[in-house]
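Chemist: need a structure here:
(chains A and B)
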There are 2 protein chains.
Amino acid sequence: MTTERVATPISFSEADMTAIRFGVDGLVPAIVQDATDGTVLMIGYMDDTALRRTLSSGRSWFWSRSRQEYWCKGETSGDRQWVRAVRYDCDGDALLVTVDQDGVGACHTGARSCFYRAFGDGDGDSDGGGGQVSGAPAAG
Amino acid sequence: MTTERVATPISFSEADMTAIRFGVDGLVPAIVQDATDGTVLMIGYMDDTALRRTLSSGRSWFWSRSRQEYWCKGETSGDRQWVRAVRYDCDGDALLVTVDQDGVGACHTGARSCFYRAFGDGDGDSDGGGGQVSGAPAAG
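Modeler: You can find the predicted model right below:
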């Protein structure tokens, strides 16, 4: 299916960590993007522990708000994510994680990207990239 | 600076709208991605009104959590975003907005992407795309 990939830990300093402003729930959103073609694959949430695990292990770790537990993406499904970079935004309240994605994709539905549906696009769109939707005047 | 761009409203149905699960604060995160090269430019938050304005106007509207007001990106700075597609994820609790970005970029710092800093990359990285960071074993 896929070539065997290797986890590459990312070095980080406590100064880096203090730049991250976790929300009142202790979380920040983490956008996951394909390192090769730029497709936005999914969004998850990390707390301090999940972020440190992600950086230290080179695998993507999240906090599940619904299950209230940590999860390592792909550990059960096989759709693993091998982290290549973790960026943070100007406010320090969001992360951008670029990964090599194993398997068919990141979405539990089997789609490559979780963002497979678009407004104004009745039959959905499996491309999470930059495809343009030609617009008609909006209803309402 | 940039070629004159045209707003293109996106048609949407109330069925589309009901697919969106706004959080307890009435918001969903909206990832903004460059339609041309896939760079993740920024993340903002939309409530029902901001999303409808975005779709109806073809310009990106957000709810500012810090200022507690709606804002249309670039209306004061000139760094306007012309919306080409709005996708939503499998859970319906996140949006992916692809845009043509006017001006230098999306970040108030002058960077093209708000995600210009990376862990393990002391001098920052102005590329919000899929660049890889070679990792050393993590501290701690």
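
Chemist: Look at the residue in chain A positioned nearest to chain B and say how many residues are nearby.
Modeler: Taking Cβ to the nearest Cβ as the measure, chain A has residue A:38 as its residue closest to chain B, at 2.8 Å. Every C-beta, even on glycine, is put in place using the N, C-alpha and C of the backbone. Residue A:38 has 20 neighbours, counted by other Cβ atoms under 10 Å in any protein chain shown.

Chemist: Find the centremost residue of chain A, please.
Modeler: Taking Cα atoms, centre = their mean, the centroid of chain A lies closest to residue A:32, which sits 2.2 Å from it.

Chemist: the inter-axis angle of the helix or strand that residue falls within versus strand B:28-34?
Modeler: Under the assignment given by DSSP states H and E, the secondary-structure element containing residue A:32 is strand A:28-34. Going by axes from the mean of the first three to the mean of the last three Cα atoms, to 10 degrees, strand A:28-34 is angled at 40 degrees with respect to strand B:28-34.

Chemist: Direction included, what does strand A:28-34 pair up with?
Modeler: Looking at strand A:28-34 with DSSP bridges, its paired strands and their directions are strand A:40-46 (antiparallel), strand A:95-101 (parallel).

Chemist: Report the secondary structure state of the closest residue to the residue of chain A closest to chain B other than its chain neighbours.
Modeler: Residue nearest to residue A:38 in three dimensions, not counting chain neighbours: residue B:38, with 2.8 Å by Cβ to Cβ, 6 or more residues apart in numbering or on different chains. On the three-state scheme (DSSP: H, G, I helix; E, B strand; the rest coil), residue B:38 is labelled coil.

Chemist: Residue A:94 touches residue A:28, doesn't it?
Modeler: Yes. With contact defined as Cβ atoms under 8 Å, residue A:94 reaches residue A:28; the gap is 5.8 Å.

Chemist: circling back to that earlier point, pretty sure the residue nearest to residue A:38 is in contact with residue A:35, am I right?
Modeler: No. Between residue B:38 and residue A:35 there is no contact under Cβ under 8 Å: 11.1 Å.

Chemist: Let me know the pLDDT of residue A:15.
Modeler: For residue A:15, the model assigns a pLDDT of 89.

Chemist: what does residue A:73 give?
Modeler: In the predicted model, residue A:73 carries a pLDDT score of 97.

Chemist: tell me which residues of stretch A:21-40 are tucked away?
Modeler: If you call a residue buried by 16 or more other Cβ atoms under 10 Å in any protein chain shown, then stretch A:21-40 has these buried ones: A:27-35, A:38-40.

Chemist: Where do the helices of chain A begin and end?
Modeler: Counting by DSSP state H, the segments of chain A that form helices are A:14-18, A:48-57.

Chemist: Buried deepest among these, which one?
Modeler: helix A:48-57 (a mean of 20; mean count of other Cβ atoms under 10 Å in any protein chain shown).

Chemist: For that one, give the mean pLDDT please.
Modeler: Throughout helix A:48-57, pLDDT has a mean value of 98.

Chemist: How about stretch A:99-108?
Modeler: Averaged across stretch A:99-108, the pLDDT comes to 95.
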